[in-house]
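take a look and give me a structure for this.
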Amino acid sequence: MVQQIRTADLKAMLDNQATCALIDVREPGEYNAAHIPGSSLVPRRQLEFR
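This next block holds a predicted model:
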(Lines give C-alpha, C1' and ligand atoms only; values in the text may rest on other atoms or scores of the structure.)
Protein backbone atom coordinates (compact mmCIF):
# COMPACT_ATOMS: atom_id res chain seq x y z
CA MET A 1 0.00 0.00 0.00
CA VAL A 2 1.43 3.35 -1.03
CA GLN A 3 1.19 5.99 1.63
CA GLN A 4 1.83 9.65 0.96
CA ILE A 5 3.33 12.05 3.45
CA ARG A 6 3.68 15.81 3.28
CA THR A 7 7.21 17.15 2.87
CA ALA A 8 6.97 19.16 6.09
CA ASP A 9 5.87 16.06 8.04
CA LEU A 10 8.77 14.02 6.66
CA LYS A 11 11.24 16.76 7.53
CA ALA A 12 9.88 16.94 11.07
CA MET A 13 10.21 13.16 11.48
CA LEU A 14 13.80 13.18 10.22
CA ASP A 15 14.72 16.22 12.33
CA ASN A 16 13.30 14.59 15.46
CA GLN A 17 15.02 11.28 14.69
CA ALA A 18 11.70 9.46 14.74
CA THR A 19 11.73 5.73 14.24
CA CYS A 20 11.27 5.58 10.50
CA ALA A 21 13.06 4.41 7.40
CA LEU A 22 13.32 6.47 4.25
CA ILE A 23 14.35 4.26 1.35
CA ASP A 24 15.29 5.74 -2.01
CA VAL A 25 14.72 3.15 -4.74
CA ARG A 26 16.37 5.04 -7.60
CA GLU A 27 19.57 3.89 -9.26
CA PRO A 28 22.88 4.87 -7.58
CA GLY A 29 23.70 7.60 -10.12
CA GLU A 30 20.38 9.33 -9.56
CA TYR A 31 20.68 8.92 -5.80
CA ASN A 32 24.19 10.39 -5.73
CA ALA A 33 23.12 13.36 -7.86
CA ALA A 34 20.37 14.40 -5.45
CA HIS A 35 19.07 12.54 -2.44
CA ILE A 36 17.21 13.37 0.73
CA PRO A 37 19.62 13.53 3.68
CA GLY A 38 18.93 10.59 5.97
CA SER A 39 17.64 8.34 3.21
CA SER A 40 19.09 4.93 2.42
CA LEU A 41 19.73 3.64 -1.07
CA VAL A 42 18.18 0.30 -2.01
CA PRO A 43 17.83 0.23 -5.81
CA ARG A 44 14.49 -1.08 -7.04
CA ARG A 45 16.19 -3.78 -9.10
CA GLN A 46 17.78 -5.09 -5.92
CA LEU A 47 14.41 -5.22 -4.16
CA GLU A 48 12.87 -7.01 -7.14
CA PHE A 49 15.74 -9.53 -7.17
CA ARG A 50 15.32 -10.36 -3.48
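
distance from the chain centre to the helix or strand of the chain with the lowest mean pLDDT, please.
Least confident helix or strand of the chain, by mean pLDDT, DSSP states H and E, is helix 44-49 with a mean of 83. Taking CA atoms, centre = their mean, to the nearest Å, one finds the center of helix 44-49 at 15 Å from the center of the full chain.

so which bits of it are buried?
Buried residues in helix 44-49, defined by neighbour count with 16 or more other CB atoms under 10 Å: none. (Glycine included, C-beta is placed from N, CA and C.)

tell me the average confidence for stretch 30-40?
If you average the pLDDT over stretch 30-40, you get 88.

can you name every helix or strand that the helix or strand harbouring Asn32 contacts?
In the assignment (DSSP states H and E), Asn32 maps to helix 28-33. Judged by 3 or more CB pairs under 8 Å, 6 or more residues apart in numbering; DSSP states H and E, helix 28-33 has no packing partners among the helices and strands.

what sits up against that helix?
Applying CB atoms under 8 Å, 6 or more residues apart in numbering, the external contacts of helix 28-33 come out as 24, 39, 41, 43.

ok, whichever helix or strand comes after it: who's next to it in the sheet?
On the C-terminal side of helix 28-33, the closest following helix or strand by DSSP H and E is strand 40-41. With DSSP bridges as the test, strand 40-41 is paired with strand 23-24 (parallel).

which residues touch the partner strand?
31, 35-36, 39-42.

and these, which two are furthest apart?
For those, the farthest-apart pair by CB to CB is Ile36 and Val42; their separation is 13.6 Å.

how close does Ala21 sit to Gly29?
According to CB to CB, to the nearest Å, Ala21 and Gly29 sit 22 Å apart.
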